[in-house]
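[1] pasting the sequence and the predicted model now:
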Amino acid sequence: MAQAAPKAQLGFLGVVNLAGTGFVGGLLVTNQLGRPLEFQCTTPVKPNRTQEILYGPTLTSFVCAELIGKTLFERLQVKPQMIVSDQPEMLALRSVISLPVCLVLPKS
């Protein structure tokens, strides 16, 4: 009897900065066929002045990974085996969750 292949669940994470509104993020979890299993998104997150001063050039990475990415991951009912993003700022998420975070860059 053949053994069934393990189920793979991937998380796709993205954040956009809406001018004047703040950062909005979304995390989609799919099965191995790319079918959606769960989706979570945030309301706009706008850094305050103290965060802007404290985090300086790393502010975007902090907001994207630690505030948005971590929150979205914690709210998931269906946990992925890996998170994929096309935004380099998301690599900071590796320090706050225990999953691999993969950066996919466009072909140059």
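    Yes, it's here. Numbers count the residues shown, from 1 in each chain.
[2] give me the below-cutoff pLDDT ranges for the protein.
    Residues of the chain meeting the criterion pLDDT under 70: 1-6.
[3] now stretch 42-57 - C-alpha only, PDB.
    Below are the C-alpha coordinates for stretch 42-57, written out as PDB (Å, rounded to 0.1, in the frame of the first residue of the first chain):
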ATOM      1  CA  THR A  42      -5.200  43.700   9.100                       C
ATOM      2  CA  THR A  43      -6.700  47.000   9.500                       C
ATOM      3  CA  PRO A  44      -4.300  49.900   8.700                       C
ATOM      4  CA  VAL A  45      -1.300  50.000  11.100                       C
ATOM      5  CA  LYS A  46       0.200  53.500  11.400                       C
ATOM      6  CA  PRO A  47       3.500  53.800  13.300                       C
ATOM      7  CA  ASN A  48       3.500  56.500  15.900                       C
ATOM      8  CA  ARG A  49       6.200  59.200  16.200                       C
ATOM      9  CA  THR A  50       8.000  57.300  19.000                       C
ATOM     10  CA  GLN A  51       8.300  54.200  16.800                       C
ATOM     11  CA  GLU A  52       9.500  56.300  13.900                       C
ATOM     12  CA  ILE A  53      12.300  57.800  16.100                       C
ATOM     13  CA  LEU A  54      13.300  54.500  17.800                       C
ATOM     14  CA  TYR A  55      13.300  52.300  14.700                       C
ATOM     15  CA  GLY A  56      14.500  54.800  12.200                       C
ATOM     16  CA  PRO A  57      15.500  53.100   8.900                       C
END
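[4] buried ones in it?
    By 16 or more other CB atoms under 10 Å, the buried positions in stretch 42-57 come out as 42, 45, 47. Just so you know, the C-beta spots here come from the backbone N, C-alpha and C atoms, and that holds for glycine as well.
[5] any idea how far the most centrally placed residue in the chain is from Val96?
    The chain has Leu13 as the residue nearest its centroid, 3.5 Å off, counting by CA atoms, centre = their mean. According to CB to CB, to the nearest Å, Leu13 and Val96 sit 13 Å apart.
[6] and for Thr60?
    From Thr60 over to Val96 (counting by CB to CB), the distance is 15 Å.
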